[in-house]
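A.B. asks: prediction below, plus the sequence it came from.
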Amino acid sequence: MTIRQLPDTLINQIAAGEVIERPASVVKELVENALDAGARRIDIDLEEGGVRLIRIRDDGKGIDAGELPLAVSRHATSKIASLDDLEGVATLGFRGEALPSIASVSRFALTSRRQGTEQAASLDVDGGRVGDVMPRPHPQGTTVEVRDLFFNVPARRKFLKAERTELGHIEEWLRQLALARPDVELRVSHNGKPSRRWKGEGDLLSEVRLHEALGEEFARNVLRIDHAGAGLRLHGWIAQPAYNRASADQQYLYVNGRAVRDRSISHAIKQAYADVLFHGRQPAYVLFLELDPRRVDVNVHPAKHEVRFRDARLIHDFVYRTLQDALAHTRAGAIAGVAA
Ligand code: ADP
Ligand code: MG
(Lines give C-alpha, C1' and ligand atoms only; values in the text may rest on other atoms or scores of the structure.)
(Ligands and ions follow the chains in the order given, each with its own letter.)
Protein backbone atom coordinates (compact mmCIF):
# COMPACT_ATOMS: atom_id res chain seq x y z
CA MET A 1 0.00 0.00 0.00
CA THR A 2 1.27 3.48 -0.77
CA ILE A 3 1.68 6.06 1.95
CA ARG A 4 -0.86 8.84 1.77
CA GLN A 5 -1.87 11.85 3.79
CA LEU A 6 -5.25 11.28 5.44
CA PRO A 7 -8.05 13.79 4.83
CA ASP A 8 -8.86 16.20 7.68
CA THR A 9 -12.25 14.67 8.42
CA LEU A 10 -10.72 11.24 8.92
CA ILE A 11 -7.96 12.70 11.11
CA ASN A 12 -10.64 14.32 13.27
CA GLN A 13 -12.62 11.11 13.46
CA ILE A 14 -9.54 9.25 14.63
CA ALA A 15 -8.94 11.92 17.30
CA ALA A 16 -12.61 11.67 18.28
CA GLY A 17 -11.97 8.01 19.07
CA GLU A 18 -9.69 9.11 21.90
CA VAL A 19 -11.76 11.82 23.52
CA ILE A 20 -15.37 11.14 22.54
CA GLU A 21 -16.47 7.83 23.90
CA ARG A 22 -20.14 8.57 24.52
CA PRO A 23 -22.58 11.48 24.99
CA ALA A 24 -21.15 12.22 28.45
CA SER A 25 -17.74 12.97 26.89
CA VAL A 26 -19.39 15.52 24.57
CA VAL A 27 -21.15 17.15 27.51
CA LYS A 28 -17.87 17.27 29.41
CA GLU A 29 -15.92 18.93 26.60
CA LEU A 30 -18.65 21.46 25.84
CA VAL A 31 -19.30 22.42 29.45
CA GLU A 32 -15.54 22.81 29.98
CA ASN A 33 -15.46 25.19 27.01
CA ALA A 34 -18.32 27.18 28.51
CA LEU A 35 -16.47 27.42 31.84
CA ASP A 36 -13.25 28.46 30.12
CA ALA A 37 -15.30 31.23 28.44
CA GLY A 38 -16.35 32.52 31.88
CA ALA A 39 -19.98 31.36 31.80
CA ARG A 40 -22.12 32.01 34.88
CA ARG A 41 -25.04 29.97 33.66
CA ILE A 42 -25.10 26.92 31.45
CA ASP A 43 -28.21 25.29 29.99
CA ILE A 44 -27.95 21.67 28.95
CA ASP A 45 -30.76 20.17 26.87
CA LEU A 46 -30.63 16.48 26.13
CA GLU A 47 -32.74 14.09 24.09
CA GLU A 48 -32.59 10.31 24.29
CA GLY A 49 -29.70 10.23 26.72
CA GLY A 50 -27.81 12.75 24.59
CA VAL A 51 -27.60 10.42 21.60
CA ARG A 52 -30.28 12.26 19.65
CA LEU A 53 -29.41 15.77 20.90
CA ILE A 54 -27.02 17.61 23.18
CA ARG A 55 -27.52 21.37 23.21
CA ILE A 56 -25.34 23.49 25.48
CA ARG A 57 -25.87 27.18 25.80
CA ASP A 58 -23.69 29.53 27.85
CA ASP A 59 -23.47 33.21 28.67
CA GLY A 60 -19.69 33.35 28.38
CA LYS A 61 -17.62 35.72 26.30
CA GLY A 62 -18.53 34.15 22.95
CA ILE A 63 -16.68 33.70 19.68
CA ASP A 64 -16.20 36.28 16.96
CA ALA A 65 -18.13 35.45 13.75
CA GLY A 66 -14.88 35.51 11.79
CA GLU A 67 -13.32 32.94 14.13
CA LEU A 68 -16.06 30.31 13.96
CA PRO A 69 -14.27 28.28 11.23
CA LEU A 70 -11.11 28.32 13.35
CA ALA A 71 -13.00 27.08 16.40
CA VAL A 72 -13.88 23.89 14.51
CA SER A 73 -10.38 23.45 13.05
CA ARG A 74 -7.94 21.02 14.50
CA HIS A 75 -5.22 22.33 16.83
CA ALA A 76 -6.79 25.80 16.87
CA THR A 77 -7.16 27.23 20.37
CA SER A 78 -7.34 30.62 22.04
CA LYS A 79 -6.00 29.18 25.31
CA ILE A 80 -2.28 28.70 24.71
CA ALA A 81 0.23 30.06 22.22
CA SER A 82 3.54 28.61 23.39
CA LEU A 83 5.14 25.79 25.34
CA ASP A 84 5.53 28.22 28.21
CA ASP A 85 1.75 28.83 28.23
CA LEU A 86 1.16 25.08 28.18
CA GLU A 87 3.34 24.59 31.24
CA GLY A 88 1.35 27.13 33.22
CA VAL A 89 -2.05 26.40 31.73
CA ALA A 90 -4.99 27.31 33.96
CA THR A 91 -7.88 26.59 31.57
CA LEU A 92 -9.59 23.22 31.31
CA GLY A 93 -8.98 23.04 27.55
CA PHE A 94 -5.81 23.71 25.54
CA ARG A 95 -5.52 21.02 22.87
CA GLY A 96 -7.86 22.59 20.32
CA GLU A 97 -9.32 19.19 19.51
CA ALA A 98 -12.75 18.88 21.05
CA LEU A 99 -14.89 20.85 18.61
CA PRO A 100 -13.38 19.42 15.40
CA SER A 101 -13.55 15.90 16.87
CA ILE A 102 -17.19 16.21 17.93
CA ALA A 103 -18.15 17.91 14.66
CA SER A 104 -16.64 15.06 12.65
CA VAL A 105 -18.90 12.42 14.24
CA SER A 106 -22.23 14.28 14.51
CA ARG A 107 -24.49 16.88 12.94
CA PHE A 108 -23.05 19.91 14.63
CA ALA A 109 -23.93 23.60 14.87
CA LEU A 110 -21.99 26.37 16.61
CA THR A 111 -23.74 29.71 17.18
CA SER A 112 -22.20 32.58 19.08
CA ARG A 113 -22.09 36.27 19.79
CA ARG A 114 -18.86 37.73 21.06
CA GLN A 115 -18.98 40.06 24.05
CA GLY A 116 -19.12 43.68 22.92
CA THR A 117 -20.23 42.92 19.35
CA GLU A 118 -23.66 43.14 17.70
CA GLN A 119 -23.32 40.40 15.12
CA ALA A 120 -24.14 36.84 16.04
CA ALA A 121 -23.37 34.06 13.59
CA SER A 122 -23.60 30.35 13.15
CA LEU A 123 -21.67 27.56 11.48
CA ASP A 124 -22.97 24.07 10.65
CA VAL A 125 -20.75 21.04 10.31
CA ASP A 126 -22.26 17.80 9.04
CA GLY A 127 -20.16 14.75 9.81
CA GLY A 128 -17.02 16.84 9.36
CA ARG A 129 -18.18 18.81 6.29
CA VAL A 130 -17.91 22.47 7.28
CA GLY A 131 -20.59 24.85 5.94
CA ASP A 132 -20.56 28.64 5.60
CA VAL A 133 -20.76 31.18 8.42
CA MET A 134 -24.30 32.60 8.43
CA PRO A 135 -25.76 35.43 10.50
CA ARG A 136 -28.12 34.06 13.17
CA PRO A 137 -29.50 35.89 16.21
CA HIS A 138 -28.02 34.90 19.58
CA PRO A 139 -27.53 36.69 22.89
CA GLN A 140 -23.96 37.11 24.18
CA GLY A 141 -22.47 33.66 24.60
CA THR A 142 -22.43 30.42 22.72
CA THR A 143 -24.74 27.55 21.83
CA VAL A 144 -23.40 24.25 20.57
CA GLU A 145 -25.80 21.68 19.18
CA VAL A 146 -24.75 18.11 18.64
CA ARG A 147 -27.29 15.85 16.95
CA ASP A 148 -27.14 12.15 16.11
CA LEU A 149 -23.80 11.41 17.72
CA PHE A 150 -21.81 8.78 15.78
CA PHE A 151 -24.41 8.71 12.96
CA ASN A 152 -21.50 8.20 10.55
CA VAL A 153 -19.45 5.86 12.77
CA PRO A 154 -21.58 2.70 13.07
CA ALA A 155 -18.88 0.85 14.99
CA ARG A 156 -19.08 3.46 17.77
CA ARG A 157 -22.82 3.85 17.67
CA LYS A 158 -23.19 0.15 18.31
CA PHE A 159 -21.48 0.55 21.67
CA LEU A 160 -23.87 3.16 22.98
CA LYS A 161 -26.00 1.91 25.83
CA ALA A 162 -29.64 2.41 26.72
CA GLU A 163 -30.92 5.95 27.17
CA ARG A 164 -30.98 5.65 31.00
CA THR A 165 -27.39 4.46 31.09
CA GLU A 166 -26.09 7.25 28.87
CA LEU A 167 -28.08 9.78 30.88
CA GLY A 168 -26.60 8.31 34.08
CA HIS A 169 -23.08 8.88 32.76
CA ILE A 170 -23.93 12.49 31.91
CA GLU A 171 -25.45 13.06 35.36
CA GLU A 172 -22.45 11.59 37.13
CA TRP A 173 -20.14 13.82 35.20
CA LEU A 174 -22.31 16.87 35.92
CA ARG A 175 -22.25 16.03 39.62
CA GLN A 176 -18.47 15.98 39.50
CA LEU A 177 -18.54 19.37 37.84
CA ALA A 178 -21.18 20.86 40.11
CA LEU A 179 -19.04 20.01 43.13
CA ALA A 180 -16.11 21.92 41.68
CA ARG A 181 -18.03 24.96 40.44
CA PRO A 182 -20.78 25.89 42.90
CA ASP A 183 -20.58 29.44 41.57
CA VAL A 184 -22.07 28.42 38.22
CA GLU A 185 -25.72 27.70 37.63
CA LEU A 186 -26.49 24.56 35.65
CA ARG A 187 -29.90 23.69 34.26
CA VAL A 188 -30.48 20.34 32.70
CA SER A 189 -33.47 19.12 30.71
CA HIS A 190 -34.08 15.69 29.25
CA ASN A 191 -36.61 14.93 26.51
CA GLY A 192 -38.14 18.38 26.96
CA LYS A 193 -38.60 18.16 30.75
CA PRO A 194 -36.45 19.98 33.31
CA SER A 195 -34.51 17.24 35.09
CA ARG A 196 -32.02 18.99 37.35
CA ARG A 197 -31.06 22.45 38.42
CA TRP A 198 -27.89 23.39 40.26
CA LYS A 199 -28.26 26.94 41.47
CA GLY A 200 -25.14 29.12 41.40
CA GLU A 201 -24.41 29.83 45.06
CA GLY A 202 -21.34 31.95 45.38
CA ASP A 203 -17.70 31.09 45.49
CA LEU A 204 -17.32 28.39 48.04
CA LEU A 205 -18.67 24.90 47.88
CA SER A 206 -21.50 25.16 50.33
CA GLU A 207 -22.81 22.36 52.46
CA VAL A 208 -26.02 22.78 50.49
CA ARG A 209 -24.43 21.70 47.27
CA LEU A 210 -22.54 18.95 49.02
CA HIS A 211 -25.82 17.69 50.38
CA GLU A 212 -27.50 17.97 46.98
CA ALA A 213 -24.68 16.12 45.25
CA LEU A 214 -23.87 13.35 47.68
CA GLY A 215 -26.86 13.02 49.93
CA GLU A 216 -27.79 14.01 53.42
CA GLU A 217 -26.00 11.22 55.19
CA PHE A 218 -22.68 12.15 53.65
CA ALA A 219 -23.23 15.82 54.46
CA ARG A 220 -24.01 14.94 58.11
CA ASN A 221 -20.85 12.86 58.51
CA VAL A 222 -18.14 15.01 57.04
CA LEU A 223 -15.09 16.75 58.34
CA ARG A 224 -14.07 20.01 56.78
CA ILE A 225 -10.44 20.07 55.70
CA ASP A 226 -8.35 23.08 54.85
CA HIS A 227 -4.62 22.87 55.19
CA ALA A 228 -1.76 24.65 53.44
CA GLY A 229 1.99 24.15 53.38
CA ALA A 230 4.95 23.75 50.99
CA GLY A 231 3.07 25.73 48.35
CA LEU A 232 0.20 23.24 48.46
CA ARG A 233 -3.33 23.63 49.69
CA LEU A 234 -5.72 20.76 50.32
CA HIS A 235 -9.31 21.58 51.14
CA GLY A 236 -12.73 20.02 50.96
CA TRP A 237 -14.62 17.37 52.88
CA ILE A 238 -13.80 13.88 54.02
CA ALA A 239 -16.28 11.47 55.55
CA GLN A 240 -15.97 10.37 59.15
CA PRO A 241 -14.86 6.75 59.26
CA ALA A 242 -18.33 5.70 60.45
CA TYR A 243 -19.63 6.72 57.06
CA ASN A 244 -17.97 4.42 54.54
CA ARG A 245 -18.85 2.69 51.30
CA ALA A 246 -18.59 -0.71 49.69
CA SER A 247 -17.20 0.87 46.53
CA ALA A 248 -15.18 3.94 45.54
CA ASP A 249 -18.29 5.69 44.25
CA GLN A 250 -18.02 8.82 46.39
CA GLN A 251 -14.43 9.79 45.84
CA TYR A 252 -13.95 13.13 44.14
CA LEU A 253 -10.49 14.56 43.66
CA TYR A 254 -9.70 17.81 41.88
CA VAL A 255 -6.32 19.23 41.02
CA ASN A 256 -6.49 22.95 40.31
CA GLY A 257 -10.21 22.57 39.68
CA ARG A 258 -9.90 19.67 37.26
CA ALA A 259 -11.40 16.31 38.21
CA VAL A 260 -8.69 13.70 37.97
CA ARG A 261 -7.81 10.20 39.01
CA ASP A 262 -4.45 9.86 40.63
CA ARG A 263 -3.05 6.66 41.96
CA SER A 264 -0.55 8.21 44.31
CA ILE A 265 -3.09 10.54 45.98
CA SER A 266 -5.68 7.76 46.23
CA HIS A 267 -3.04 5.69 47.93
CA ALA A 268 -2.24 8.49 50.39
CA ILE A 269 -5.91 8.84 51.29
CA LYS A 270 -6.35 5.11 51.73
CA GLN A 271 -3.30 4.99 53.98
CA ALA A 272 -4.66 7.79 56.14
CA TYR A 273 -7.86 5.82 56.64
CA ALA A 274 -6.10 2.47 57.06
CA ASP A 275 -6.42 2.37 60.86
CA VAL A 276 -9.97 3.61 61.07
CA LEU A 277 -11.79 1.71 58.32
CA PHE A 278 -12.68 -1.94 58.17
CA HIS A 279 -10.82 -3.89 55.56
CA GLY A 280 -12.41 -3.59 52.13
CA ARG A 281 -14.49 -0.52 52.98
CA GLN A 282 -13.94 2.69 51.03
CA PRO A 283 -13.77 6.25 52.32
CA ALA A 284 -15.87 9.04 50.81
CA TYR A 285 -14.41 12.46 50.04
CA VAL A 286 -14.49 15.61 47.97
CA LEU A 287 -10.98 17.05 47.95
CA PHE A 288 -9.39 19.93 46.11
CA LEU A 289 -5.65 20.18 45.75
CA GLU A 290 -4.30 23.54 44.64
CA LEU A 291 -0.75 24.20 43.57
CA ASP A 292 1.28 26.22 41.12
CA PRO A 293 0.25 24.92 37.64
CA ARG A 294 3.95 24.65 36.81
CA ARG A 295 4.28 21.85 39.33
CA VAL A 296 1.79 19.66 37.52
CA ASP A 297 1.65 18.43 33.94
CA VAL A 298 -1.94 18.15 32.68
CA ASN A 299 -0.95 17.14 29.18
CA VAL A 300 -0.65 13.43 29.91
CA HIS A 301 -3.88 12.01 28.57
CA PRO A 302 -6.05 13.24 25.64
CA ALA A 303 -9.13 13.26 27.87
CA LYS A 304 -7.08 14.82 30.71
CA HIS A 305 -8.26 12.35 33.34
CA GLU A 306 -4.75 12.04 34.69
CA VAL A 307 -1.99 14.45 35.63
CA ARG A 308 1.68 14.07 36.48
CA PHE A 309 3.21 15.84 39.46
CA ARG A 310 6.75 17.11 39.48
CA ASP A 311 7.08 16.27 43.18
CA ALA A 312 4.71 13.35 43.54
CA ARG A 313 6.30 12.05 46.76
CA LEU A 314 5.96 15.37 48.56
CA ILE A 315 2.32 15.65 47.52
CA HIS A 316 1.58 12.10 48.59
CA ASP A 317 3.00 12.78 52.04
CA PHE A 318 1.23 16.13 52.35
CA VAL A 319 -2.15 14.56 51.59
CA TYR A 320 -1.47 11.63 53.89
CA ARG A 321 -0.45 13.81 56.84
CA THR A 322 -3.28 16.29 56.39
CA LEU A 323 -5.91 13.57 56.43
CA GLN A 324 -4.28 11.58 59.17
CA ASP A 325 -4.28 14.67 61.40
CA ALA A 326 -7.92 15.39 60.69
CA LEU A 327 -8.93 11.82 61.40
CA ALA A 328 -6.81 11.65 64.58
CA HIS A 329 -8.68 14.67 65.93
CA THR A 330 -12.02 12.96 65.47
CA ARG A 331 -10.79 9.99 67.45
CA ALA A 332 -9.42 12.15 70.22
CA GLY A 333 -12.73 14.03 70.26
CA ALA A 334 -14.71 10.80 70.43
CA ILE A 335 -12.59 9.45 73.30
CA ALA A 336 -12.95 12.65 75.30
CA GLY A 337 -16.68 12.51 74.73
CA VAL A 338 -16.74 15.75 72.80
CA ALA A 339 -19.47 15.95 70.20
CA ALA A 340 -17.84 16.49 66.80
P1 ADP B 1 -9.76 24.02 23.41
O2 ADP B 1 -10.83 24.07 24.44
O3 ADP B 1 -8.71 22.98 23.73
O4 ADP B 1 -9.15 25.35 23.10
P5 ADP B 1 -11.90 23.30 21.58
O6 ADP B 1 -11.89 22.56 20.28
O7 ADP B 1 -12.72 22.75 22.68
O8 ADP B 1 -10.38 23.48 22.03
O9 ADP B 1 -12.37 24.80 21.29
C10 ADP B 1 -11.66 25.58 20.31
C11 ADP B 1 -11.76 27.07 20.61
O12 ADP B 1 -13.09 27.52 20.37
C13 ADP B 1 -11.46 27.46 22.05
O14 ADP B 1 -10.07 27.66 22.24
C15 ADP B 1 -12.26 28.75 22.22
O16 ADP B 1 -11.53 29.86 21.74
C17 ADP B 1 -13.44 28.53 21.30
N18 ADP B 1 -14.64 28.07 22.04
C19 ADP B 1 -15.14 26.82 22.09
N20 ADP B 1 -16.26 26.76 22.85
C21 ADP B 1 -16.47 28.01 23.30
C22 ADP B 1 -17.47 28.62 24.15
N23 ADP B 1 -18.47 27.91 24.67
N24 ADP B 1 -17.37 29.96 24.39
C25 ADP B 1 -16.35 30.70 23.85
N26 ADP B 1 -15.39 30.17 23.06
C27 ADP B 1 -15.44 28.86 22.78
MG1 MG C 1 -12.24 22.59 24.80
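C.D. replies: Arrived safely. Ligands and ions are numbered 1, 2, ... in the order given.
A.B. asks: per-residue confidence at Leu204?
C.D. replies: pLDDT, Leu204: 61.
A.B. asks: where does Asn221 fall, phi/psi-wise?
C.D. replies: Per-residue torsions, Asn221: phi -120, psi 30 (degrees, to the nearest 10).
A.B. asks: what residues are up against it?
C.D. replies: Neighbouring residues of Asn221 by C-beta atoms under 8 Å, 6 or more residues apart in numbering: 239-240, 242-243. Every C-beta, even on glycine, is put in place using the N, C-alpha and C of the backbone.
A.B. asks: what subset of those residues is buried?
C.D. replies: 239-240, 243 (16 or more other C-beta atoms under 10 Å).
A.B. asks: I'd like those residues laid out as CSV, including secondary structure, pLDDT and distance to ligand 2.
C.D. replies: What follows is the buried ones among the contacts of Asn221, written out as CSV (DSSP: H, G, I helix; E, B strand; the rest coil; pLDDT from 0 to 100; distance: C-beta to the ion, whole Å):
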residue, secondary structure, pLDDT, distance to ligand 2
Ala239, strand, 95, 33
Gln240, coil, 94, 38
Tyr243, coil, 93, 36
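A.B. asks: confidence score at the residue in the stretch 51-200 of the chain that ligand 1 sits nearest to?
C.D. replies: Relative to ligand 1, the nearest point of the stretch 51-200 of the chain is Gly93 (2.3 Å; C-beta to the nearest ligand atom). What the model reports as pLDDT for Gly93 is 94.
A.B. asks: thought Thr77 was touching it, still the case?
C.D. replies: Yes - in this structure, Gly93 is within contact of Thr77 by C-beta atoms under 8 Å, at 6.9 Å.
A.B. asks: show me what contacts the residue of the stretch 51-200 of the chain closest to ligand 1?
C.D. replies: Counting by C-beta under 8 Å, 6+ apart, Gly93 has contacts 29, 32-33, 36, 77, 79.
A.B. asks: do that again at 10 Å, thanks
C.D. replies: Neighbouring residues of Gly93 by C-beta atoms under 10 Å, 6 or more residues apart in numbering: 29, 32-33, 35-37, 77-80, 99, 304.
A.B. asks: pick out whichever of these sits closest to ligand 2.
C.D. replies: In terms of C-beta to the ion, no member of those lies closer to ligand 2 than Asn33, at 4.4 Å.
A.B. asks: ok, now how distant is the closest residue to the closest one other than its chain neighbours from His227?
C.D. replies: Closest residue to Asn33 apart from its sequence neighbours, by C-beta to C-beta, 6 or more residues apart in numbering: Gly93 at 6.1 Å. Noted for Gly93: a distance of 30 Å to His227, by C-beta to C-beta, to the nearest Å.
A.B. asks: for Leu68, same thing?
C.D. replies: Leu68 is 45 Å from His227, by C-beta to C-beta.
A.B. asks: and the residue of the stretch 51-200 of the chain closest to ligand 1, what helix or strand is that in?
C.D. replies: Using DSSP states H and E, Gly93 sits in no helix or strand.
A.B. asks: for it, give its distance to Ile54.
C.D. replies: For Gly93, the distance to Ile54 - C-beta to C-beta - is 17 Å.
A.B. asks: where in the stretch 201-340 of the chain is pLDDT low?
C.D. replies: Along the stretch 201-340 of the chain, the parts satisfying pLDDT under 70 run over 202-205, 331-340.
A.B. asks: ranges for the helices of it?
C.D. replies: Listed in chain order, the helices of the stretch 201-340 of the chain (DSSP state H, counting those that start in this stretch) span 207-214, 216-220, 263-273, 312-335.
A.B. asks: closest to ligand 1 out of these?
C.D. replies: Going by C-beta to the nearest ligand atom, the one of those nearest ligand 1 is helix 207-214, 22.9 Å.
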